[in-house]
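[1] Next come a sequence and a model predicted from it.
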Amino acid sequence: MTYDVLIVGGGINGCAIAREAALNGWSVLLVEKDDLASHTSSASTKLIHGGLRYLETYDFKLVHEALQERKRLLKAAPNLIHPIAIVLPQDNSVRPWWMVRAGLYLYDALAGFGNLPRSRMLGRRDGALRLPLKNDTPGFLYWDCTVDDSRLTVLNAVDARSAGADIRTRTALTSAKRNQNSWTATLSDGTDVQAKALINAAGPWLVHVEGRLGQAKRNSIKLVKGSHIVVPRLFDGDHAYMLQQPDRRIVFAIPWVGGTTMVGTTEVEVPNPDHPEISAEETDYLLNAANTAFTRQSNRNDISYSWAGVRPLFDDGTGDLRTTTRDYVLEVDQQGAVLLNVLGGKITTARHLAEDAMSRLGKAMSRTIGTVTRGRPFPGGQFPGSFESLVEENRKAWPFLGPERTLRMTVAYGSDLGIMLAGIGTEDAMGTDFGHGLRQVEVDWLIEHEWAKSAEDILWRRTKLGLAFSKDQVATLSSYVAKRAGCAGE
């Protein structure tokens, strides 16, 4: 079969481009060697943000673009993306007060009106926000958003499939031959496909894919590992903290699942993207950042979970990881059939990147491209009223779910929860209980609608219930998924 475009990589960029292309009427095949969002796109700090610290490097264009995308994403996925207040304690030894205040004014200005609340100084009335800190430090309050990064990635793929895209997980590109007007690609499942254009959106593995295309290896990518830890709750409330470090980096402390706090991230250049793990030095760095700031102290034994992901940053020649650009770079190669390489990028700006990528492909292939996703909601993101009202409606419709599970499932599925639970009126009707509120009807939905093929896919990238599950519960779920997913694939 011949496709208009073959996309290699099922991270946020690849899935966003697949969505953009399919909604433009292109025939699309996306292949991912593992699960969707199984690497970098599930290892972020879980923020949709403009990048306040990027103002220090004069990256005004990127910040403005990201803040406009933040506004769009809030409307497109109001169940999945939520505003969060972030406390920024002031440390004059790192940055003078006037610089931080000026940066926040500029951040508000670049966001424009009709967005989130404006930043302000913390005053006496904000004592509850300052209490967890070791010192009664003055500071600022500003707003950004939280997101379930892997679910946003999956929903891009779901929307792409609804427009006709062919999404294949656990399928790698083995090789590709470039002709004058098309690519002939061989996949790991043994099939050969034709494509008029090929998009390399493999993220940290971009160079590996280039090797399969017969391209020379490059030096224009920095592979930067970012790590996070999860510790017992460091503070009360739903707000977060942005902690300035002596090396001028910043570390976030954000409320996390199960009443815990996520602390991250680090920035360490690595030689390859395979099997990233947090190092002892990174662990100490994050623990020190938290223990320096908060009265509640943590040690290595308190860490319940950690993760590390590798970001492919475009090497702009600065030599300093802190100031290396976080903007994306798109390379269009027309020496024969079209090739588009995607370098860098952020979860926040993935939709914009996809729109830009399709615009460039359209020019290269003499095809008209429309702006099809700017106002389009994600699956489950279209419902009347507020998110809070949707939660309340779901509590009344399925009271047996209980408050916590109703909230979790409404965040994850939005208005699609009504489709999943249609005709279900009791707890028992939801099927096998795998533990912690995860029932068979939800597991089946994730297998049939969201490409879940293992317990790990479900617990860590679809539901974030992994921390709660015991080894025995994981084994039971794994056995069921292996049998059920095998049947679904027949």
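    Yep, that arrived.
[2] for the most centrally placed residue in the chain, phi and psi?
    Residue closest to the average C-alpha location in the chain (C-alpha atoms, centre = their mean): Asp149, at 2.6 Å. Main-chain torsions, Asp149, degrees, to the nearest 10: phi -60, psi -40.
[3] Ok, the one 5 residues further on next?
    In this entry, Val154 is assigned phi and psi values of phi -60, psi -40 (degrees, to the nearest 10).
[4] tell me the contacts of it?
    Cys15, Leu36, Ala37, Glu450, Trp451, Arg461, Arg462 (C-beta atoms under 8 Å, 6 or more residues apart in numbering). For glycine as for every other residue, the C-beta is placed from the backbone atoms N, C-alpha and C.
[5] List buried residues within those.
    Cys15, Leu36, Ala37, Glu450, Trp451, Arg461, Arg462 (16 or more other C-beta atoms under 10 Å).
[6] Serialize those to CSV and add fields for secondary structure, pLDDT and distance to Tyr54.
    Supplementary listing: the buried ones among the contacts of Val154 in CSV, determined by DSSP: H, G, I helix; E, B strand; the rest coil; pLDDT from 0 to 100; distance: C-beta to C-beta, whole Å:
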residue, secondary structure, pLDDT, distance to Tyr54
Cys15, helix, 98, 24
Leu36, coil, 98, 27
Ala37, coil, 98, 24
Glu450, coil, 98, 32
Trp451, coil, 98, 33
Arg461, helix, 97, 27
Arg462, helix, 97, 31
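[7] What is the most widely separated pair among the residues you listed?
    Spanning the widest gap among those are Cys15 and Arg462, at 14.3 Å by C-beta to C-beta.
[8] picking up where we left off before, the residue nearest to the centre of the chain and Ile48 touch, don't they?
    No: counting by C-beta atoms under 8 Å, Asp149 stays clear of Ile48, with 9.1 Å between them.
[9] Overlap in contacts, these two.
    Joint contacts of Asp149 and Ile48 (C-beta under 8 Å, 6+ apart) are Ile347.
[10] re earlier: next up, the contacts around the residue nearest to the centre of the chain.
    Listed by C-beta under 8 Å, 6+ apart, the contact partners of Asp149 are Ile12, Ala37, Ser41, Ser42, Ala43, Ser44, Lys46, Ile347.
[11] Please report which of these has the highest neighbour count.
    Among those, the one with the most neighbours (other C-beta atoms under 10 Å) is Ile12, at 32 neighbours.
[12] Can you list the residue ranges for helices in the stretch 251-400 of the chain?
    Ranges of helices in the stretch 251-400 of the chain, per DSSP state H, counting those that start in this stretch, are 280-293, 350-365, 387-397.
[13] can I get the ones you listed in CSV with distance to Gly423?
    Below are the helices of the stretch 251-400 of the chain laid out as CSV (distance: least, C-beta to C-beta, whole Å):
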stretch, distance to Gly423
helix 280-293, 47
helix 350-365, 34
helix 387-397, 12
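[14] Give me the contact list for stretch 97-112.
    Contacts to stretch 97-112, defined as C-beta under 8 Å, 6+ apart, come from residues 50, 52, 55-56, 60, 63-64, 67-68, 70-71, 88, 90, 118-119, 121, 140, 142.
[15] in that stretch, what counts as buried?
    The neighbour-count check on stretch 97-112 (16+ other C-beta under 10 Å) flags Val100, Gly103, Leu104, Tyr107, Asp108, Leu110, Ala111 as buried.
[16] Sort out for me which of those residues are in helices.
    Using DSSP state H, the subset of those located in helices is Val100, Gly103, Leu104, Tyr107, Asp108, Leu110, Ala111.
[17] so how far is Val94 from the first one?
    When C-beta to C-beta, to the nearest Å is applied, the distance between Val100 and Val94 equals 9 Å.
[18] same thing with the third one?
    The span separating Leu104 from Val94 equals 15 Å under the rule C-beta to C-beta.
[19] swap in the fifth one?
    Going from Asp108 to Val94 by C-beta to C-beta gives 21 Å.
[20] Same check on the second one?
    Gly103 is 13 Å from Val94, where distance means C-beta to C-beta.
[21] Provide the secondary structure category for Lys177.
    Look at Lys177: counting by DSSP: H, G, I helix; E, B strand; the rest coil, its state is strand.
[22] Grab the nearest non-local neighbour of it.
    Leaving out its chain neighbours, the residue that sits closest to Lys177 by C-beta to C-beta, 6 or more residues apart in numbering is Thr184, at 4.7 Å.
[23] Counting neighbours, which bits of the worst-scoring helix or strand of the chain on mean pLDDT end up buried?
    Every helix and strand in the chain was compared by mean pLDDT, DSSP states H and E; the lowest is helix 127-130, with a mean of 74. Within helix 127-130, the residues scored as buried using 16+ other C-beta under 10 Å are Leu129, Arg130.
[24] and the next helix or strand after it, which strands flank it?
    Counting by DSSP states H and E, the next helix or strand C-terminal to helix 127-130 is strand 139-147. Here strand 139-147 has these sheet partners by DSSP bridges: strand 47-48 (antiparallel), strand 81-89 (antiparallel), strand 120-121 (antiparallel).
[25] wait, Trp307 sits on His228?
    Yes: with contacts counted by C-beta under 8 Å, Trp307 reaches His228, the gap being 5.5 Å.
[26] Compare those two (neighbour count), which wins?
    A direct count of neighbours by other C-beta under 10 Å for Trp307 and His228 places His228 higher, at 25 against 19.
[27] and Ser359, what is it in contact with?
    Counting by C-beta under 8 Å, 6+ apart, Ser359 makes contact with Ile369.
[28] And for the least confident helix or strand of the chain, what's in contact with it?
    Outside helix 127-130, the residues that touch it by C-beta under 8 Å, 6+ apart are Val87, Pro89, Leu122, Asp136, Thr137, Gly139, Leu141, Asp236, Gly237, His239.
[29] Please name the residues that touch the fifth one.
    The reference is to Thr137. Thr137 is in contact with Pro89, Gln90, Asp91, Arg130, counting by C-beta under 8 Å, 6+ apart.
[30] Need those residues in JSON lines (columns: distance to Ile167).
    Below are the contacts of Thr137 laid out as JSON lines (distance: C-beta to C-beta, whole Å):
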{"residue": "Pro89", "distance to Ile167": "44"}
{"residue": "Gln90", "distance to Ile167": "47"}
{"residue": "Asp91", "distance to Ile167": "46"}
{"residue": "Arg130", "distance to Ile167": "47"}
